[in-house]
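Asker: sequence below, structure please.
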Amino acid sequence: MGKMTKVERDALPLNTILDGDCIEAMNSLPEASVDLVFADPPYNLQLRGDLHRPDNSKVDAVDNDWDQFASFRKYDEFTKAWLAAARRILKPNGAIWVIGSYHNVFRLGTELQNQGFWMLNDVVWRKSNPMPNFRGKRFTNAHETLIWASKSESSKYTFNYEALKALNEGIQMRSDWVLPLCTGHERIKDENGEKAHPTQKPESLLHRVLVATTNPGDVVLDPFFGTGTTGAVAKKLGRDFVGIEREAGYRKVAKARIANVRKFDRSSLEVTQSKRAEPRVAFGVLVERGLLNPGENLWSLNGRYKAKVRADGTLIGDDVKGSIHQVGAALEGAPSCNGWTYWAFKRDGQMVPIDVLRQQIRAEMN
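Answerer: Residues are numbered from 1 along each chain as shown. Next comes the predicted model:
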């Protein structure tokens, strides 16, 4: 998303957790300095009384002060202020993710559009292990909604499409994600053995978000840092983070958690890139570099046709000449042809696709 200068990076408190109000903290940061914002704001659950299981045990619900708002108007004012602060610090090609439930996500979506963010997707996180509906008066609430939006309609946001496709066994990643709630060893406990945070998100969710929409070295800001899931995953994946958290207890837990995280090695951080993002290599470069010689024959991988390489990087075959794509299409009687995957050359009696040579050139360019 565009590299920052050293001065710009030095102006950011990278890989630290800021204490205090998220709006004030974001307003203190340099304008257009962050690549991605991931925000898990208070949901304003509006709980009415205690909730009990069928065995009469009390459910550990979200009843913290930070989730309490006097009215929808107060919640909307808060939402407007923090989103404005987040938009100011986003780079022109930056993007934001917000997550919420039916209590607040529609209000978040409205304010995102009011402020000029451009909606890209809403993603349904379907929980594979949701909490049951104990009262039996509603459907089991088995999902939360994430909204992904770019800073503006013209933003050239990051989306690692091929990486997400690879993560999904070669199939396009859909906008409904089946992932478990944060449980077991991943759930952070306090000194009393209780949940350190009531709404801790699973690392799998942040892994998918960051692999999809950031690159190594990008800066990710989380204004509601909690116990530091965003920071922990960012560190593993070689992204820089800035966390903001006003609760001292959460900051303490997050700091200790992130200190124990090991960054993956550099080669492991590379992801499958879109072919459009790879450097363009002309067939003629292979001839100039002597990887193929004028007069050398190429064969179609189906074995039906051959053509001769010419000094200017074109081919000549039976009554046809032109680029590797044009000649392949003409010989096959097809409207188009990808010459890179159609033609091969012979080395030591073996047929080798010419795309192997293109990848060799690209590797030298990186």
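
Asker: would you map the helices across the protein?
Answerer: Secondary structure of the chain (DSSP state H): helices located at 6-10, 22-27, 72-89, 105-114, 161-167, 203-213, 229-236, 248-259, 266-269, 283-288, 324-332, 339-342, 355-365.

Asker: which of those helices sits closest to Ser152?
Answerer: Of all the helices of the chain, it is helix 72-89 that lies closest to Ser152, at 9.2 Å by C-beta to C-beta. Just so you know, the C-beta spots here come from the backbone N, C-alpha and C atoms, and that holds for glycine as well.

Asker: which residues sit against that closest one?
Answerer: 22-23, 26-27, 29-34, 37, 39, 41-42, 44, 69, 96, 104, 107-108, 111-112, 114-117, 151, 221, 223 (C-beta atoms under 8 Å, 6 or more residues apart in numbering).

Asker: and the pLDDT at Lys189?
Answerer: For Lys189, the pLDDT comes out at 71.

Asker: same check on Cys182?
Answerer: pLDDT at Cys182 comes out at 75.

Asker: with Pro130 instead?
Answerer: For Pro130, the pLDDT comes out at 78.

Asker: what's the local residue count around it?
Answerer: Counted with other C-beta atoms under 10 Å, the neighbours of Pro130 add up to 14.

Asker: please verify my assumption that it contacts Leu181.
Answerer: Yes: counting by C-beta atoms under 8 Å, Pro130 touches Leu181, with 7.1 Å between them.

Asker: that older thread, for Glu144, find the nearest of the helices of the chain.
Answerer: Taking C-beta to C-beta as the criterion, Glu144 comes closest to helix 105-114 out of the helices of the chain, the separation being 7.8 Å.

Asker: export stretch 234-247 as CSV, just CAs?
Answerer: Extracted in CSV, the C-alpha atoms of stretch 234-247 (Å, rounded to 0.1, in the frame of the first residue of the first chain):
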residue,chain,number,x,y,z
ALA,A,234,0.2,-9.0,13.1
LYS,A,235,3.5,-9.9,14.8
LYS,A,236,3.4,-13.5,13.6
LEU,A,237,2.7,-12.4,10.0
GLY,A,238,5.4,-9.7,9.9
ARG,A,239,3.0,-6.7,10.0
ASP,A,240,3.5,-3.7,12.3
PHE,A,241,0.7,-2.8,14.7
VAL,A,242,-0.5,0.0,16.8
GLY,A,243,-2.9,-0.9,19.6
ILE,A,244,-5.1,1.5,21.7
GLU,A,245,-6.6,0.2,24.9
ARG,A,246,-7.9,2.3,27.9
GLU,A,247,-8.3,-0.6,30.3
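
Asker: check the gap between Ala95 and Met119 for me.
Answerer: Ala95 sits 11 Å away from Met119, going by C-beta to C-beta, to the nearest Å.

Asker: which residues do these two both contact?
Answerer: Both Ala95 and Met119 are in contact with 148-149, where contact means C-beta under 8 Å, 6+ apart.

Asker: of these two, which one has the most company?
Answerer: Neighbour count, other C-beta under 10 Å: between Ala95 and Met119, Ala95 has more, with 24 against 13.

Asker: in this structure that one contacts Ile147, no?
Answerer: No: at 10.5 Å, Ala95 does not count as touching Ile147 under the criterion of C-beta under 8 Å.

Asker: can you point out the buried residues in stretch 89-108?
Answerer: Residues of stretch 89-108 classed as buried: 89-91, 93-100, 103-105, 107-108 (neighbour count, 16 or more other C-beta atoms under 10 Å).
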